[in-house]
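Engineer: Okay, predicted coordinates and the sequence, questions at the end:
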Amino acid sequence: FKKDLASSLVNYGRASVASSGMHVNGDEEDVDINLSASASVPTVTMDGSSRLGDISKDVKYLEQLEQYELDAVKESRGMWVDETVRNSRPDLVEEADFDMNAPWWKKLWRKIKRE
């Protein structure tokens, strides 16, 4: 049963999915960006691979993590029991509630509208 740490943490409600990129702190001479007066160490957003196969695998992995997160929200696992956490992601909570309570024809209609 091979499973990575991120999948396990998200599945059990111990972590949340954040897909804002990978942020790396670097030295001024290593990074070619404009620094604001208040910034002492630049932070840049780094891309991963530019190969289509790698990007496709990354997208599939993130989709899998999002599904684990949605399942954790539906079942109120881990941090998703806390109302403060649920209020921080109303879009996800609404999606989970819809997925659990909506009739099949509404689910079908939503799927058709998205595609």
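Structural biologist: Ah, there it is. Numbers count the residues shown, from 1 in each chain.

Engineer: Give me the helix or strand of the protein that scores worst on average pLDDT.
Structural biologist: strand 22-25 (a mean of 48; mean pLDDT, DSSP states H and E).

Engineer: which SS class is the residue sitting nearest the centre point of the chain?
Structural biologist: The centroid of the chain falls nearest to Val17 when counting by CA atoms, centre = their mean (2.9 Å). The three-state label given to Val17 by DSSP: H, G, I helix; E, B strand; the rest coil is coil.

Engineer: And Arg14, by the same measure?
Structural biologist: Arg14 is classified as coil under three-state DSSP.

Engineer: how close does it sit to Asp99?
Structural biologist: 21 Å (CB to CB, to the nearest Å). To be clear about C-beta, it is placed using only N, CA and C from the backbone, and glycine gets the same treatment.

Engineer: returning to that earlier point: how about the residue nearest to the centre of the chain, what does it touch?
Structural biologist: Val10, Leu62, Leu65, Glu66, Glu69 (CB atoms under 8 Å, 6 or more residues apart in numbering).

Engineer: Now the nearest residue in space to the fourth one that is not next to it in sequence. Its backbone dihedrals?
Structural biologist: Read that as Glu66. Once flanking residues are discounted, Glu66 sits nearest to Val17: 5.7 Å by CB to CB, 6 or more residues apart in numbering. Dihedral pair for Val17: phi -80, psi 130, per degrees, to the nearest 10.

Engineer: which helices and strands sit right next to the helix or strand hosting Lys60?
Structural biologist: Using DSSP states H and E, Lys60 sits in helix 52-74. Applying 3 or more CB pairs under 8 Å, 6 or more residues apart in numbering; DSSP states H and E, we find helix 52-74 packed against helix 5-11, helix 90-101.

Engineer: Output the contacting helices and strands for the shortest one.
Structural biologist: Under the contact criterion of 3+ CB pairs under 8 Å, 6+ apart, helix 5-11 touches helix 52-74.

Engineer: Report the angle between the helix it packs on and helix 90-101.
Structural biologist: 70 degrees (axes from the mean of the first three to the mean of the last three CA atoms, to 10 degrees).

Engineer: Check the offset of helix 52-74 from the chain's centre.
Structural biologist: Helix 52-74 sits 8 Å away from the centroid of its parent chain (CA atoms, centre = their mean, to the nearest Å).
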